[in-house]
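Engineer: Got a sequence here, can you build the structure:
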Amino acid sequence: MNLLEVHGISKAFGGIRALDGCSLAVEQGSITGLIGPNGSGKTTLFNVITGYERPDAGTVTIRGTDVTNASPSTIFGLGLGRTFQLVRIFPRLTVMENMHIAVQRQGIRALLRRWTAPHERAHAQELLDFVGISHLTDAPAENLSYGQKKLLEFAMILIAEPQVVLLDEPAGGVNPTLAAQLTDRIKMLNQRGITFLIVEHNMQFVMSLCDKIAVMHRGSLLTEGAPDQVRGNPAVLDAYLGD
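Structural biologist: Below you'll find the model as predicted:
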């Protein structure tokens, strides 16, 4: 069963066509990698899926429900979570205050409210422990390393208990130790039933983690398959070398 599908997605910015009839299916329970040269349209596709960009053509469905042109809040309410290339946290707030905002899902106004139930704070603490930064609960988020900020953002989306998670370059700029920790956590969550779609330039990270790799080139899907199949595909090598 496909949990997430995009079909025939096109998107242009002025004279630049970022997506050109792109189609992709993400099977429930899978860890799917999305790779391709810079400018191939990967992040634009994420933006279309999550409602931050409206496609010029094509459809997006989550569990068979058409969410094309839906707002981000509507899409996230259907069990989808997402991280960004540039980490989206509140740097001047503590790590736990960031988690508080994520629970309330009402932006900075959430700080004016107390935790609505004791178990919510306990759950937030459990997630911080799960990603390995519970010792930083009271630290200002701006004091975290770049990798720790990514782990905080990851914990913030997990608190909504998403069924499918889109990760945009989770290993980018992260040291090998934290990257290995992140790989382990993704595998554990996948075993619990969470589906992942991961954009990543770190080939070692994505090839060792993903069940299936989809390759984008010039706004559309070039090929897809198991990591070994994609790694040995001459068309994939040509796409990277050509760009």
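Engineer: Walking through this structure, point out its helices one by one.
Structural biologist: Using DSSP state H, the helices found in the chain span residues 42-49, 72-76, 95-104, 118-131, 146-158, 176-191, 203-209, 227-231, 234-242.
Engineer: could these go into JSON lines alongside mean neighbour count, distance to residue 138 and mean pLDDT?
Structural biologist: All C-beta atoms are positioned from the backbone trio N, CA, C, and that covers glycine. Listed next are those as JSON lines, based on neighbours: other CB atoms under 10 Å; distance: least, CB to CB, whole Å; pLDDT from 0 to 100:
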{"stretch": "helix 42-49", "mean neighbour count": "23", "distance to residue 138": "32", "mean pLDDT": "95"}
{"stretch": "helix 72-76", "mean neighbour count": "14", "distance to residue 138": "27", "mean pLDDT": "90"}
{"stretch": "helix 95-104", "mean neighbour count": "21", "distance to residue 138": "7", "mean pLDDT": "84"}
{"stretch": "helix 118-131", "mean neighbour count": "16", "distance to residue 138": "11", "mean pLDDT": "87"}
{"stretch": "helix 146-158", "mean neighbour count": "22", "distance to residue 138": "13", "mean pLDDT": "92"}
{"stretch": "helix 176-191", "mean neighbour count": "16", "distance to residue 138": "21", "mean pLDDT": "91"}
{"stretch": "helix 203-209", "mean neighbour count": "18", "distance to residue 138": "31", "mean pLDDT": "89"}
{"stretch": "helix 227-231", "mean neighbour count": "15", "distance to residue 138": "41", "mean pLDDT": "89"}
{"stretch": "helix 234-242", "mean neighbour count": "13", "distance to residue 138": "44", "mean pLDDT": "77"}
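Engineer: Off-centre distance for stretch 207-219?
Structural biologist: Its chain's C-alpha centre lies 14 Å from the corresponding centre of stretch 207-219 when counted by CA atoms, centre = their mean, to the nearest Å.
Engineer: Quick check: buried residues in it?
Structural biologist: Of the residues in stretch 207-219, 207, 209-210, 212-219 count as buried by neighbour count, 16 or more other CB atoms under 10 Å.
Engineer: So what's the residue count around residue 55?
Structural biologist: Per other CB atoms under 10 Å, the neighbour tally for residue 55 reads 22.
Engineer: from memory it sits against residue 68, does it?
Structural biologist: Yes - using CB atoms under 8 Å as the test, residue 55 is close enough to residue 68 to be in contact (6.8 Å).
Engineer: Mind splitting this protein into its structural domains?
Structural biologist: Taking automatic domain parsing as the criterion, the chain consists of the domains 1-79+162-243, 88-161.
Engineer: how far does the first one sit from the chain's center?
Structural biologist: It refers to domain 1-79+162-243. In terms of CA atoms, centre = their mean, the centre of domain 1-79+162-243 is set 8 Å apart from its chain centre.
Engineer: Leaving out chain neighbours, which residue sits closest to residue 187?
Structural biologist: Excluding the flanking residues, the one nearest residue 187 by CB to CB, 6 or more residues apart in numbering is residue 209, at 7.2 Å.
Engineer: My understanding was that that neighbour contacts residue 198; is that so?
Structural biologist: Yes - with contact defined as CB under 8 Å, residue 209 and residue 198 form a contacting pair (7.2 Å).
Engineer: Next, work out how far apart residue 122 and residue 191 are.
Structural biologist: Distance, residue 122 to residue 191, by CB to CB, to the nearest Å: 23 Å.
Engineer: Correction: the previous question concerned residue 77.
Structural biologist: 25 Å.
Engineer: for residue 21, same thing?
Structural biologist: As judged by CB to CB, residue 21 and residue 191 stand 35 Å apart.
Engineer: which one of the helices of the chain lies closest to residue 168?
Structural biologist: Closest to residue 168 of those is helix 42-49 (CB to CB; 5.8 Å).
Engineer: Render the CA-only coordinates of that closest one in CSV, please.
Structural biologist: Extracted in CSV, the C-alpha atoms of helix 42-49 (Å, rounded to 0.1, in the frame of the first residue of the first chain):
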residue,chain,number,x,y,z
LYS,A,42,13.9,17.5,-4.5
THR,A,43,13.2,20.3,-2.0
THR,A,44,10.6,21.8,-4.3
LEU,A,45,8.8,18.5,-4.3
PHE,A,46,8.9,18.4,-0.5
ASN,A,47,7.4,21.9,-0.5
VAL,A,48,4.6,20.9,-2.8
ILE,A,49,3.8,17.8,-0.8
